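In: Structural data only, the sequence is not supplied:
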(Lines give C-alpha, C1' and ligand atoms only; values in the text may rest on other atoms or scores of the structure.)
Protein backbone atom coordinates (compact mmCIF):
# COMPACT_ATOMS: atom_id res chain seq x y z
CA UNK A 1 0.00 0.00 0.00
CA UNK A 2 1.26 3.45 -0.93
CA UNK A 3 0.31 6.47 1.20
CA UNK A 4 0.39 9.90 -0.39
CA UNK A 5 0.34 13.08 1.65
CA UNK A 6 0.08 16.22 -0.49
CA UNK A 7 0.13 19.41 1.53
CA UNK A 8 -1.28 22.50 -0.19
CA UNK A 9 -0.92 26.09 0.98
CA UNK A 10 -3.72 28.02 -0.69
CA UNK A 11 -4.07 31.81 -1.04
CA UNK A 12 -6.51 33.06 1.60
CA UNK A 13 -9.00 34.35 -0.99
CA UNK A 14 -8.82 31.19 -3.12
CA UNK A 15 -9.83 28.54 -0.55
CA UNK A 16 -13.48 28.46 -1.63
CA UNK A 17 -12.45 28.29 -5.28
CA UNK A 18 -10.27 25.30 -4.47
CA UNK A 19 -13.17 23.63 -2.73
CA UNK A 20 -15.25 24.08 -5.91
CA UNK A 21 -12.65 22.30 -8.10
CA UNK A 22 -12.03 19.36 -5.75
CA UNK A 23 -15.33 17.40 -5.81
CA UNK A 24 -15.00 16.43 -9.46
CA UNK A 25 -11.36 15.39 -9.03
CA UNK A 26 -12.26 13.37 -5.93
CA UNK A 27 -15.28 11.69 -7.56
CA UNK A 28 -13.27 10.61 -10.61
CA UNK A 29 -10.28 9.53 -8.55
CA UNK A 30 -12.30 7.34 -6.20
CA UNK A 31 -13.55 5.38 -9.26
CA UNK A 32 -10.00 4.50 -10.26
CA UNK A 33 -8.68 0.96 -9.95
CA UNK A 34 -6.37 0.71 -6.94
CA UNK A 35 -7.60 3.88 -5.22
CA UNK A 36 -8.24 2.72 -1.64
CA UNK A 37 -8.85 6.15 -0.12
CA UNK A 38 -8.68 9.73 -1.40
CA UNK A 39 -9.59 12.53 1.00
CA UNK A 40 -8.92 16.23 1.50
CA UNK A 41 -8.43 17.66 4.99
CA UNK A 42 -8.19 21.24 6.21
CA UNK A 43 -6.06 22.39 9.14
CA UNK A 44 -8.28 23.55 12.00
CA UNK A 45 -6.06 26.55 12.83
CA UNK A 46 -4.54 27.47 9.46
CA UNK A 47 -7.38 27.37 6.93
CA UNK A 48 -4.89 27.95 4.06
CA UNK A 49 -3.33 24.55 4.77
CA UNK A 50 -5.15 21.64 3.12
CA UNK A 51 -3.79 18.13 2.73
CA UNK A 52 -4.74 15.30 0.43
CA UNK A 53 -4.28 12.00 2.24
CA UNK A 54 -4.46 9.11 -0.18
CA UNK A 55 -4.08 5.32 -0.04
CA UNK A 56 -3.10 3.50 -3.24
CA UNK A 57 -2.95 -0.25 -3.78
CA UNK A 58 0.34 0.01 -5.69
CA UNK A 59 2.76 2.44 -7.21
CA UNK A 60 1.35 1.49 -10.63
CA UNK A 61 -2.14 2.60 -9.50
CA UNK A 62 -0.69 5.89 -8.29
CA UNK A 63 1.15 6.43 -11.57
CA UNK A 64 -2.06 5.74 -13.53
CA UNK A 65 -3.78 8.35 -11.38
CA UNK A 66 -1.09 10.96 -11.99
CA UNK A 67 -1.43 10.34 -15.74
CA UNK A 68 -5.24 10.46 -15.68
CA UNK A 69 -7.18 13.14 -17.55
CA UNK A 70 -8.97 14.43 -14.44
CA UNK A 71 -5.68 14.73 -12.48
CA UNK A 72 -3.81 16.37 -15.35
CA UNK A 73 -6.66 18.88 -15.81
CA UNK A 74 -7.01 19.68 -12.10
CA UNK A 75 -3.31 20.24 -11.30
CA UNK A 76 -2.78 23.50 -13.27
CA UNK A 77 -6.00 24.94 -11.81
CA UNK A 78 -4.88 24.03 -8.26
CA UNK A 79 -1.39 25.37 -8.93
CA UNK A 80 -2.85 28.81 -9.71
CA UNK A 81 -4.52 28.92 -6.28
CA UNK A 82 -1.41 28.03 -4.32
CA UNK A 83 0.56 30.45 -2.15
CA UNK A 84 3.56 28.12 -2.33
CA UNK A 85 4.46 24.85 -3.98
CA UNK A 86 2.66 21.64 -2.98
CA UNK A 87 4.66 19.43 -0.59
CA UNK A 88 4.26 15.88 -1.82
CA UNK A 89 5.28 12.83 0.20
CA UNK A 90 4.87 9.36 -1.27
CA UNK A 91 5.32 6.95 1.62
CA UNK A 92 5.21 3.37 2.80
CA UNK A 93 4.13 2.09 6.19
CA UNK A 94 6.76 1.74 8.95
CA UNK A 95 4.37 0.71 11.72
CA UNK B 1 -13.15 12.71 13.34
CA UNK B 2 -9.86 14.53 13.74
CA UNK B 3 -6.96 13.77 11.38
CA UNK B 4 -3.45 14.53 12.56
CA UNK B 5 -0.52 14.67 10.17
CA UNK B 6 2.82 15.11 11.96
CA UNK B 7 5.75 15.37 9.59
CA UNK B 8 9.18 14.61 11.07
CA UNK B 9 12.54 15.32 9.46
CA UNK B 10 15.04 13.02 11.19
CA UNK B 11 18.83 13.25 11.14
CA UNK B 12 20.17 10.72 8.61
CA UNK B 13 22.08 8.75 11.27
CA UNK B 14 19.15 8.72 13.74
CA UNK B 15 16.44 7.08 11.59
CA UNK B 16 17.02 3.60 13.03
CA UNK B 17 17.06 5.01 16.56
CA UNK B 18 13.70 6.66 15.87
CA UNK B 19 12.31 3.36 14.63
CA UNK B 20 13.40 1.75 17.91
CA UNK B 21 11.48 4.30 20.03
CA UNK B 22 8.25 4.24 18.01
CA UNK B 23 6.83 0.71 18.59
CA UNK B 24 6.20 1.32 22.30
CA UNK B 25 4.59 4.71 21.63
CA UNK B 26 2.42 3.18 18.89
CA UNK B 27 1.39 0.17 20.98
CA UNK B 28 0.34 2.33 23.94
CA UNK B 29 -1.39 4.89 21.73
CA UNK B 30 -3.47 2.33 19.86
CA UNK B 31 -4.90 1.18 23.20
CA UNK B 32 -6.22 4.67 23.96
CA UNK B 33 -9.94 5.44 23.92
CA UNK B 34 -10.81 7.35 20.75
CA UNK B 35 -7.69 6.37 18.82
CA UNK B 36 -9.09 5.17 15.47
CA UNK B 37 -5.77 4.87 13.62
CA UNK B 38 -2.15 5.69 14.46
CA UNK B 39 0.50 4.91 11.87
CA UNK B 40 4.00 6.03 10.89
CA UNK B 41 4.97 6.30 7.23
CA UNK B 42 8.36 6.91 5.57
CA UNK B 43 8.87 8.82 2.35
CA UNK B 44 10.06 6.47 -0.40
CA UNK B 45 12.59 8.98 -1.78
CA UNK B 46 13.61 10.99 1.29
CA UNK B 47 14.18 8.47 4.09
CA UNK B 48 14.66 11.32 6.60
CA UNK B 49 11.01 12.30 6.16
CA UNK B 50 8.59 10.31 8.29
CA UNK B 51 4.96 11.19 8.93
CA UNK B 52 2.56 10.13 11.62
CA UNK B 53 -0.94 9.91 10.18
CA UNK B 54 -3.52 9.61 12.93
CA UNK B 55 -7.31 9.43 13.18
CA UNK B 56 -8.94 10.51 16.46
CA UNK B 57 -12.60 10.19 17.40
CA UNK B 58 -12.64 13.69 18.92
CA UNK B 59 -10.46 16.59 19.90
CA UNK B 60 -10.84 15.45 23.52
CA UNK B 61 -9.35 12.05 22.65
CA UNK B 62 -6.44 13.80 20.93
CA UNK B 63 -5.86 16.06 23.95
CA UNK B 64 -5.87 13.04 26.28
CA UNK B 65 -3.25 11.46 24.01
CA UNK B 66 -1.04 14.54 24.05
CA UNK B 67 -1.22 14.53 27.87
CA UNK B 68 -0.53 10.79 28.16
CA UNK B 69 2.59 9.48 29.88
CA UNK B 70 3.81 7.54 26.84
CA UNK B 71 3.41 10.60 24.55
CA UNK B 72 5.04 13.00 27.02
CA UNK B 73 7.98 10.59 27.47
CA UNK B 74 8.44 9.94 23.74
CA UNK B 75 8.36 13.56 22.52
CA UNK B 76 11.69 14.76 24.03
CA UNK B 77 13.44 11.62 22.74
CA UNK B 78 12.03 12.20 19.24
CA UNK B 79 12.88 15.89 19.40
CA UNK B 80 16.56 15.03 19.92
CA UNK B 81 16.59 13.00 16.69
CA UNK B 82 15.03 15.70 14.53
CA UNK B 83 16.91 17.75 11.92
CA UNK B 84 14.19 20.37 12.04
CA UNK B 85 10.99 20.99 13.96
CA UNK B 86 8.00 18.67 13.54
CA UNK B 87 5.30 20.07 11.23
CA UNK B 88 1.98 19.32 12.90
CA UNK B 89 -1.36 19.65 11.15
CA UNK B 90 -4.57 18.95 13.05
CA UNK B 91 -7.29 18.72 10.43
CA UNK B 92 -10.91 17.99 9.69
CA UNK B 93 -12.35 16.36 6.58
CA UNK B 94 -13.35 18.58 3.64
CA UNK B 95 -14.28 15.77 1.25
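Out: Sure, I can see it. Remember, predicted model here, so these are calculated numbers, not experimental data.
In: Please list the outside residues in contact with the biggest strand by length in chain A.
Out: Using DSSP state E, we find that the single longest strand of chain A is strand A:82-93. In this structure, residues lying in contact with strand A:82-93 by C-beta atoms under 8 Å, 6 or more residues apart in numbering or on different chains are A:1-12, A:48, A:62, A:78-79, B:7, B:39-46, B:49, B:51. To be clear about C-beta, it is placed using only N, CA and C from the backbone, and glycine gets the same treatment.
In: Hmm, residue A:9 is touching residue A:51, no?
Out: No - using C-beta atoms under 8 Å, residue A:9 is not in contact with residue A:51, being 10.1 Å away.
In: Before we move on, what's the pLDDT of residue A:66?
Out: Residue A:66 is assigned 97 on the pLDDT scale.
In: now it: how far from chain B?
Out: To chain B, residue A:66 is 14 Å away according to C-beta to the nearest C-beta, to the nearest Å.
In: what's around that residue, how many residues?
Out: Residues lying near residue A:66 (other C-beta atoms under 10 Å in any protein chain shown) number 10.
In: One more: residue A:10?
Out: Around residue A:10 there are 21 residues (other C-beta under 10 Å).
In: what does the one 10 residues further on give?
Out: Residues within reach of residue A:20, counting by other C-beta under 10 Å, total 9.
In: just the one 5 residues further on next, same as before
Out: With neighbours defined by other C-beta under 10 Å, the count for residue A:25 comes to 21.
In: And what about it, helix, strand or coil?
Out: The assignment at residue A:25 comes out as helix when based on DSSP: H, G, I helix; E, B strand; the rest coil.
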